[in-house]
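Asker: Below are the sequence and a predicted model; questions follow.
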Amino acid sequence: MYRRALSWLLRQTLKLDVTINRVYPTDWNPLYYTGGLTNFFLLVLVVSGILLFFYYVASLDGAYASVAYLTDAVPYGGLLRGIHRYAADAFIIAALLHLFRNWFTDRYLFSRDGPWISGMFLLILGGFIGVNGYQLVWDTRAQAITQIFVQMLRAIPLAGPPLAHLFLGGPGISDALLPRILFLHIGTASFLYLLLWWHYVRLRHPKIWPPATWVLTTLGLITLLAALPGTAPVAGVPAQPGVGVTSYPLDVFFLLPFWLTNWLPAGVVMGGLILLFLAGYVIPYLDRETEPAMGVRHAGVAQVIDGNCTGCELCYYDCPYDAIVMVPSPHPGVTKAAANRKLLAVVMDSRCVECGICVGACPFEALELPKFLEADLTRRIAQAVAAPASQTVTA
Amino acid sequence: MGSRRVSFLAVVALAGLSLVLAALIILGEVLDNYALGGGALGAILVAYGVIGLFLRKLGITGPRGAERS
Ligand code: SF4
Ligand code: SF4
């Protein structure tokens, strides 16, 4: 059932790709750059956030006034806030598209579980930073979501009450709160870059930046949205200590869990969120083996046939898992083409996932998967082509 | 009308629109109307992005020569 659903989703994803490729050149298809776009929106958030930081006063009395001053009295201050806010929404949209796309296209298997796990952390922390951003304004909405957030924290068994105390900086809301939230907002955002390093470290050609046309278009759309009357974020009404807030404007990208507390106890919502993310972490390890006829499993890590390697570096560029390094050749190769080589390819066993891509990349028959030789592969393809559709071919 | 001609006309029209938007940015600044200036700035960026697409369709920009088929 799970596999069939994913296969269907894969087909729909590919259909969408084809549709978009009719309008945009394939190397500009935005769906191929969901990760790069997320990264770009993060940069917009960091730059606009640094500018906002100069005006922000992290105290219960001063926070709202500083935000209102920035919005109303500083030239382009309201626009800047709008850009920060809509870039945050765009970040979440792009991150979710990135997650679903990689899920449906199987790009989380083998050594790509690292990017998947780090990606889940990036998403959770991105959402957390967004909530912090709403709290920093310290209007009635901030007050309401802070109260709900503390209830959610307290609902966590054992660790909850001390965590809530740590978050508040005391038993209740005091002037210790906003500096803490500001630290969580900026500190966690900085930590995202460390996670991004983990996200990229095992990928050979990560597309970390979108094409210029998408940088311009998305930044333009965010700026346009921020400037449109009625859509720029207003600071609401200042928080009123001791007053219970019953309604506030909702941002569906960050505040949905808070909205759910209208019907469900805070503890249940918190439990649901934790379960949702745990389920996300499990995805790479769910059984999704390919059909035996198609599967290349346990083929043994790729081996370089020393005598044939010419040091051309094609395998080095093609290995998606960064498992091949080029080293100075300790001795000449055996074949004529390899006799004058300067470099030799070496496979790092711990990184190789036995995918066989390098075998296809090498024009000099200098790579092989020891338990899955090229001759076997050719034979199996020939068998598969010759066999009736209902019959599967196994090794 | 061929698609090259459509792309060419789109680039010309968008470049003209960008000129108007640039004037609006200046007007917004003169009038201290930051929403107007900001909106025009956003719109001009979008226009540039779309011009980039049409220039690509005309074959004037990317991909690099070595990658062309
Ligand atoms: S089989 Fe080749 S391409 Fe695949 S991970 Fe190993 S070294 Fe890289
Ligand atoms: S592609 Fe083949 S010949 Fe070229 S460096 Fe890799 S192993 Fe050597």
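Answerer: Received, thanks. Ligands and ions are numbered 1, 2, ... in the order given.
Asker: Let me know whether the longest helix along chain B sits next to chain A.
Answerer: Using DSSP state H to define each element, chain B has its longest helix at helix B:3-30. No: Helix B:3-30 stays clear of chain A (Cβ under 8 Å from any Cβ of the partner chain), getting no nearer than 8.9 Å. The C-beta positions use only the backbone N, C-alpha and C, and glycine is treated the same way.
Asker: For whichever helix or strand comes after that helix, the averaged confidence score.
Answerer: Remark: after helix B:3-30, the chain's next helix or strand is helix B:34-57, criterion DSSP states H and E. For helix B:34-57, mean pLDDT rounds to 94.
Asker: does chain A sit close to helix B:34-57?
Answerer: Yes: Helix B:34-57 is in contact with chain A by Cβ under 8 Å from any Cβ, via B:34-39, B:41-50, B:52-53, B:56-57.
Asker: now, which of those residues lie close to ligand 2?
Answerer: With the criterion set as Cβ under 6 Å from any ligand atom, no member of the residues of helix B:34-57 next to chain A is near ligand 2.
Asker: partner residues bridging the closest residue to residue A:329 other than its chain neighbours?
Answerer: If the residues on either side of it in the chain are set aside, residue A:329 comes closest to residue A:344, at 4.3 Å by Cβ to Cβ, 6 or more residues apart in numbering or on different chains. Beta bridges link residue A:344 to residue A:327 when assigned by DSSP bridges.
Asker: what residues are up against residue A:344?
Answerer: For residue A:344, the contact set (Cβ atoms under 8 Å, 6 or more residues apart in numbering or on different chains) comprises A:304, A:306, A:309, A:311, A:326-330, A:333.
Asker: What is the strand or helix carrying residue A:186 packed up against?
Answerer: Element membership of residue A:186, judged by DSSP H and E, is helix A:177-201. The helices and strands touching helix A:177-201, judged by 3 or more Cβ pairs under 8 Å, 6 or more residues apart in numbering or on different chains; DSSP states H and E, are helix A:34-53, helix A:113-136, helix A:160-168.
Asker: So which of the contacts of residue A:344 are in strands?
Answerer: Counted as lying in strands by DSSP state E, out of the contacts of residue A:344, are A:304, A:326-328.
Asker: Dump these into CSV; add neighbour count as well.
Answerer: Shown next, in CSV, are the ones in strands among the contacts of residue A:344 (neighbours: other Cβ atoms under 10 Å in any protein chain shown):
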residue, neighbour count
A:304, 18
A:326, 17
A:327, 10
A:328, 9
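Asker: show me which of those residues neighbour ligand 1.
Answerer: Counting by Cβ under 6 Å from any ligand atom, no member of the ones in strands among the contacts of residue A:344 reaches ligand 1.
Asker: ok, these vs residue A:21, which is closest?
Answerer: Within these, proximity to residue A:21 (Cβ to Cβ) peaks at residue A:326, which comes in at 33.9 Å.
Asker: Run through the residues that contact that closest one.
Answerer: Taking Cβ under 8 Å, 6+ apart, one finds A:311, A:313, A:316, A:343-346 in contact with residue A:326.
Asker: 6 Å - rerun?
Answerer: Contact partners of residue A:326, counting by Cβ atoms under 6 Å, 6 or more residues apart in numbering or on different chains, are A:313, A:316, A:343.
Asker: if we can go back for a sec, I'd like to know how far the residue nearest to residue A:329 sits from residue A:265.
Answerer: Distance, residue A:344 to residue A:265, using Cβ to Cβ, to the nearest Å: 63 Å.
Asker: how many other residues sit next to the residue of the stretch 1-150 of chain A found nearest chain B?
Answerer: Nearest residue of the stretch 1-150 of chain A to chain B, counting by Cβ to the nearest Cβ: residue A:79, 4.0 Å away. For residue A:79, the neighbour count with other Cβ atoms under 10 Å in any protein chain shown is 23.
Asker: Checking my notes, it in a helix, right?
Answerer: Yes: Residue A:79 sits within a helix when classified using DSSP: H, G, I helix; E, B strand; the rest coil.
Asker: hmm, back to that, need the max-distance pair from the ones in strands among the contacts of residue A:344.
Answerer: Maximum distance among these (Cβ to Cβ): 14.4 Å, for A:304 and A:328.
Asker: low-scoring stretches of chain A, by residue?
Answerer: A:230-235, A:243-246, A:287-299, A:389-395 (pLDDT under 70).
Asker: For the spatially most central residue of it, which non-adjacent residue is spatially closest?
Answerer: The centroid of chain A falls nearest to residue A:119 when counting by Cα atoms, centre = their mean (3.9 Å). Leaving aside its sequence neighbours, residue A:119 sits nearest to residue A:199 (Cβ to Cβ, 6+ apart; 6.0 Å).
Asker: My guess is the one you found contacts residue A:118. True?
Answerer: Yes: counting by Cβ atoms under 6 Å, residue A:199 does reach residue A:118; the two are 4.3 Å apart.
Asker: Residue A:85 versus the residue of the stretch 1-150 of chain A closest to chain B, what's the distance?
Answerer: Counting by Cβ to Cβ - residue A:79 and residue A:85 are separated by 11 Å.
Asker: returning to that earlier point: check the burial of the residue nearest to residue A:119 by counting its neighbours.
Answerer: Residue A:199: 23 neighbours (other Cβ under 10 Å).
Asker: which stretches of the stretch 201-350 of chain A form helices?
Answerer: In the stretch 201-350 of chain A, the segments counted as helices under DSSP state H, counting those that start in this stretch are A:212-227, A:256-260, A:266-282, A:314-318.
Asker: what about those, which gets the closest to ligand 2?
Answerer: Nearest of the helices of the stretch 201-350 of chain A to ligand 2, taken as Cβ to the nearest ligand atom: helix A:314-318 at 3.2 Å.
Asker: what about that closest one and ligand 2, touching?
Answerer: Yes: against ligand 2, helix A:314-318 shows contacts by Cβ under 6 Å from any ligand atom at A:314-315.
Asker: Give me the contacts around that helix.
Answerer: A:324, A:326, A:345, A:357-358, A:361-362, A:367.
Asker: how about 7 Å then?
Answerer: Helix A:314-318 is contacted from outside by A:324, A:326, A:345, A:357-358, A:361-363, A:367, using Cβ atoms under 7 Å, 6 or more residues apart in numbering or on different chains.
Asker: Go through it and flag the buried ones.
Answerer: A:314-316, A:318 (16 or more other Cβ atoms under 10 Å in any protein chain shown).
Asker: chain center to that helix, what's the gap?
Answerer: 25 Å (Cα atoms, centre = their mean, to the nearest Å).
Asker: Tell me which other helices or strands the helix or strand hosting residue A:144 touches.
Answerer: Using DSSP H and E, the element containing residue A:144 is helix A:140-154. Using 3 or more Cβ pairs under 7 Å, 6 or more residues apart in numbering or on different chains; DSSP states H and E as the contact test, the elements touching helix A:140-154 are helix A:113-136, helix A:160-168, helix A:266-282.
Asker: With distance to residue A:203 added, can I get these in JSON lines?
Answerer: Listed next are those as JSON lines, based on distance: least, Cβ to Cβ, whole Å:
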{"stretch": "helix A:113-136", "distance to residue A:203": "6"}
{"stretch": "helix A:160-168", "distance to residue A:203": "34"}
{"stretch": "helix A:266-282", "distance to residue A:203": "19"}
